[in-house]
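Participant: Need the 3D shape of this:
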Amino acid sequence: MDIPKAIRLCVDSGKTSLGAKNSLKACLRGEPKLVVLAANLPKDTGLDIRRAATESSVALLEFNGSSLDLGVACGKPFPVSVFVVLEEGDSEILNAVQ
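Facilitator: Purely as a prediction, here's the structure:
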C-alpha cells in the first residue's frame with residue numbers, strides 16, 4: 001500500500017483533523033479511528049498523544065517521514081506533525097495498521 005497516496009485520498013474524501021492539539025483532544029474523546037504521527041514529532045507531544053490513543057483504543061500509524069513530508073502527503077502547504085482519521089472516506093488507510 002502506498003501510504004502517502006492513501007493519506008491524500010483520506011484527507012480529500014474522508015473526515016480528518018490536523019494538528020497535535022486537535023488530535024490530542026479527539027483522542028481523549030475517543031473519536032478517531034487512526035492517528036498518524038510524523039517521524040519528527042516532538043517527544044513530549046508524541047508521548048501525550050500515544051498515551052491518549054492507547055487509553056482510547058485508537059490505532060497508531062508511524063509515518064516514515066518528517067512533518068513536512070506528512071504535510072505534502074495531506075496536500076497542505078505547511079508541516080503536519082499529527083493528524084487523525086475520523087472517517088476514512090474512499091481510502092483504505094485503516095488496512096495499513098490491521
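Participant: Quick one: list the elements packing against the lengthiest helix in the chain.
Facilitator: Secondary structure assigned by DSSP state H gives helix 43-55 as the longest helix of the chain. Helix 43-55 is packed against helix 20-29, strand 34-37, strand 59-62, with contacts defined by 3 or more CB pairs under 8 Å, 6 or more residues apart in numbering; DSSP states H and E. Heads up, the C-betas are built off the backbone N, CA and C, glycines and all.
Participant: hmm, try it at 7 Å
Facilitator: Counting by 3 or more CB pairs under 7 Å, 6 or more residues apart in numbering; DSSP states H and E, the packing neighbours recorded for helix 43-55 are helix 20-29, strand 34-37.
Participant: what does the average pLDDT come to for that helix?
Facilitator: The average pLDDT within helix 43-55 is 94.
Participant: Nearest the geometric middle of the chain, what residue?
Facilitator: residue 36 (2.5 Å; CA atoms, centre = their mean).
Participant: per-residue confidence at it?
Facilitator: According to the model, residue 36 scores 96 on pLDDT.
Participant: roughly how far apart are it and residue 16?
Facilitator: Residue 36 sits 9 Å away from residue 16, going by CB to CB, to the nearest Å.
Participant: Can you pull the residues that touch both of the two?
Facilitator: Any residue near both residue 36 and residue 16 by CB atoms under 7 Å, 6 or more residues apart in numbering counts here, and that gives residue 83.
Participant: if we can go back for a sec, packed most tightly, which of the helices and strands packed on helix 43-55 would that be?
Facilitator: Stretch with highest mean neighbour count among those: strand 34-37 (a mean of 24; mean count of other CB atoms under 10 Å).
Participant: Neighbouring strands of that one in the sheet, and parallel or not?
Facilitator: Partners of strand 34-37 in the sheet, by DSSP bridges, are strand 59-62 (parallel), strand 82-87 (antiparallel).
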